[in-house]
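Novice: For reference, the sequence and a predicted model appear below.
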Amino acid sequence: MLGRTLVIANPAAQLGRGYDAALRAERLLRGREGTCTAVDVVFTNAAGDARRFAAGSAGYDTIVCVGGDGTIHEVGNGLVSLERAKRPRLGVVPMGSGNDYARTLGMAFSVDEAVAQLCAGSVVNADVGTCNGTCFMETISFGLDAGIALDTQERRLRTGTTGLRLYAASCVDQLLHHKRDYGFTLRVDGGAPERGTLILMAVQIGPSYGSGFKICPEARLDDGLLDVCIAHAPIGTLRGAFIFLRAKNGHHERFGGIDIRTARSLELSFDQAPPVQIDGERYQADTYSLGILAGALDVIVAPDKEVR
């Protein structure tokens, strides 16, 4: 039972299809006898709205987020601002271009199927990542992969392309024209500083980014750990392209220069500022202090979903 439910929806999601998807989800939730005691719907109109709605949701039992990873990012930050005992559980109806958090939860990309999953799913105590006090639900990355993620936003608006096709086009462009090496200093779990050079670094809660690329294939939503993938320089363009293709199914780990590890905290700085994305949105700072809030949110996963 979802109890008193608030649907927070981005009406502009999937090039304007978010509005109808939210109304469809509302009708389906109201039509399932014994599932919801009440259903309210609010629509975002500007950046920050989803966070504000979630921060004011203490009287609800469940939040259903209809949108993509950016909207989920805002909702997660809003929920974490509440006292733990007052946070509603979170469910997702995916309506984004990448939908990586929804993939981690095992959610279907059909509104009807996703609502059915929410009604029959189980609840897990999900971790939330933090960077300089901002929460992330699935991913933060630096360098080439962040450049790809940010490029997909502009490319989606310009062409209307979504999903894997969109991400692949951005990969090719960034590898050919924007691949750079970035000197970095990294301290893991308070240990000694490590110096190196990378082309990309991803820090994950769930396994995927970029429409299902399993950059950290063993990442779990509920293990209290950050999963980290570093691609150390130098990596040539052709080899980089091949590694990206292998990363689609998480088969890039065996390549030289690929470093995958887990941590509870990271302190990171760069000699030259790289592109940075957090749950698909642009982010920038001088230094990055990353951590994890273990079991911070109750999140609905699809029935029989193995948490990844």
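Specialist: Received, thanks.

Novice: Verify the contact between Thr139 and Tyr209 for me.
Specialist: Yes - Thr139 lies in contact with Tyr209 (C-beta atoms under 8 Å); the separation is 4.4 Å. Every residue, glycine included, has its C-beta placed from N, CA and C.

Novice: Sketch out the helices for the stretch 51-200 of the chain, chain order is fine.
Specialist: In the stretch 51-200 of the chain, the helices defined using DSSP state H, counting those that start in this stretch lie at 69-80, 100-105, 111-120, 144-159, 163-177.

Novice: Any regions of the stretch 51-200 of the chain where pLDDT drops low?
Specialist: 156, 160-164, 174, 176-178 (pLDDT under 70).

Novice: rewinding a little: now do the shared contacts for Thr139 and Tyr209.
Specialist: Common contact partners of Thr139 and Tyr209 (C-beta atoms under 8 Å, 6 or more residues apart in numbering): 100, 202, 215.

Novice: closest to Ala302 among these?
Specialist: Closest approach to Ala302 among those (C-beta to C-beta): Asp100, at 14.8 Å.

Novice: what's the burial count for that closest one?
Specialist: 30 (other C-beta atoms under 10 Å).

Novice: wait, doesn't it sit right on Lys214?
Specialist: No - Asp100 lies out of contact with Lys214 (C-beta under 8 Å); the separation is 9.9 Å.

Novice: Please enumerate the shared neighbours of the two.
Specialist: Going by C-beta under 8 Å, 6+ apart, residues that sit against Asp100 and also against Lys214 are Ser208.

Novice: Nearest residue to Val115 in space, ignoring adjacent ones along the chain?
Specialist: Leu28 (4.4 Å; C-beta to C-beta, 6 or more residues apart in numbering).

Novice: before we move on, which element is that neighbour in?
Specialist: Secondary structure assignment for Leu28, by DSSP states H and E: helix 18-31.

Novice: And the helix or strand following that helix, what's buried?
Specialist: With elements assigned by DSSP H and E, the helix or strand that comes after helix 18-31 is strand 38-43. Buried residues in strand 38-43, counted by 16 or more other C-beta atoms under 10 Å: 39, 41-43.

Novice: Turn these into a markdown table, columns for pLDDT.
Specialist: Listed next are those as a markdown table, based on pLDDT from 0 to 100:
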| residue | pLDDT |
| --- | --- |
| Val39 | 97 |
| Val41 | 98 |
| Val42 | 98 |
| Phe43 | 98 |
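
Novice: Please produce CSV containing those residues, extended by distance to Leu186.
Specialist: As requested, the buried residues of strand 38-43 are exported to CSV (distance: C-beta to C-beta, whole Å):
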residue, distance to Leu186
Val39, 46
Val41, 44
Val42, 40
Phe43, 41
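
Novice: What is the nearest of those residues to Ala9?
Specialist: Relative to Ala9, the closest of the buried residues of strand 38-43 is Phe43; by C-beta to C-beta it sits at 5.4 Å.

Novice: now that closest one, which residues is it bridged with?
Specialist: Ala9 (DSSP bridges).

Novice: State the distance from the residue sitting furthest away from the middle of the chain to Met1.
Specialist: The centre of the chain is farthest from one residue, Glu33, which by C-alpha atoms, centre = their mean lies 31.9 Å away. Noted for Glu33: a distance of 11 Å to Met1, by C-beta to C-beta, to the nearest Å.
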